[in-house]
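>>> I'd like to go over a predicted model; first the sequence, then the structure.
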Amino acid sequence: VQLQASGGGSVQPGGSLRLSCAGSASNLDSYVIGWFRQAPGKEREGVACISGVDGSTWDADSVKGRFTISRNNVKNTVYLQMYSLKPEDTAVYSCATDCPAVVAGIYSSDYWGQGTQVTVSS
């Protein structure tokens, strides 16, 4: 499984971005896909996850109501739509076949995409 994250950038507080995680595997829709982020000097944290089996999702309290995760199994792509961005959302965002919560599907801590930088500042 190969994952590639993209879509990061610089936005002002209150702005929006959409991240994409494109995967290559014939059975990618069997995997859980999670978005994680890591800010300088902080531990990596899970942001949101989605099942490829039943579409169930999980998101962290810090992003509830602002971030939405979705996936297009035909395109083998998972999206993270981010609204109302805050400076504390600034981090490197990565996608992986992993999730800190339980949703239906295959988990593996082995497959990670490279990170994409999100910077929120005025």
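Right, received. Where do you want to start? Keep in mind that what you see is a predicted model, and the values were worked out from it rather than measured.
>>> all strands of the protein, in order?
2-6, 9-11, 17-24, 33-38, 45-50, 57-59, 67-72, 77-82, 91-96, 116-120 (DSSP state E).
>>> ok, now which ones touch the closest residue to Ala96 other than its chain neighbours?
Nearest non-adjacent residue to Ala96, counting by CB to CB, 6 or more residues apart in numbering: Trp112, 4.5 Å away. Yep, even glycine has a C-beta here, placed from its N, CA and C like the rest. Trp112 makes contacts with 3, 94-96, 98, as judged by CB atoms under 8 Å, 6 or more residues apart in numbering.
>>> between those residues, which is nearest Ile33?
Nearest to Ile33 among these is Cys95, at 6.0 Å by CB to CB.
>>> what score does Val53 have for pLDDT?
If you check Val53, the pLDDT there is 87.
>>> you'd agree it is up against Ser30?
Yes. The pair Val53 and Ser30 passes the contact test of CB atoms under 8 Å, sitting 6.8 Å apart.
>>> what touches both of these two?
Contacts common to Val53 and Ser30, judged by CB under 8 Å, 6+ apart, are Gly105.
>>> spatially central residue (nearest the centroid) of this protein, please.
Closest to where the C-alpha atoms of the chain average out (CA atoms, centre = their mean) is Trp35, at 2.4 Å.
>>> one step back: want to throw the contacts of Trp112 into JSON lines with pLDDT?
What follows is the contacts of Trp112, written out as JSON lines (pLDDT from 0 to 100):
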{"residue": "Leu3", "pLDDT": "94"}
{"residue": "Ser94", "pLDDT": "97"}
{"residue": "Cys95", "pLDDT": "96"}
{"residue": "Ala96", "pLDDT": "95"}
{"residue": "Asp98", "pLDDT": "92"}
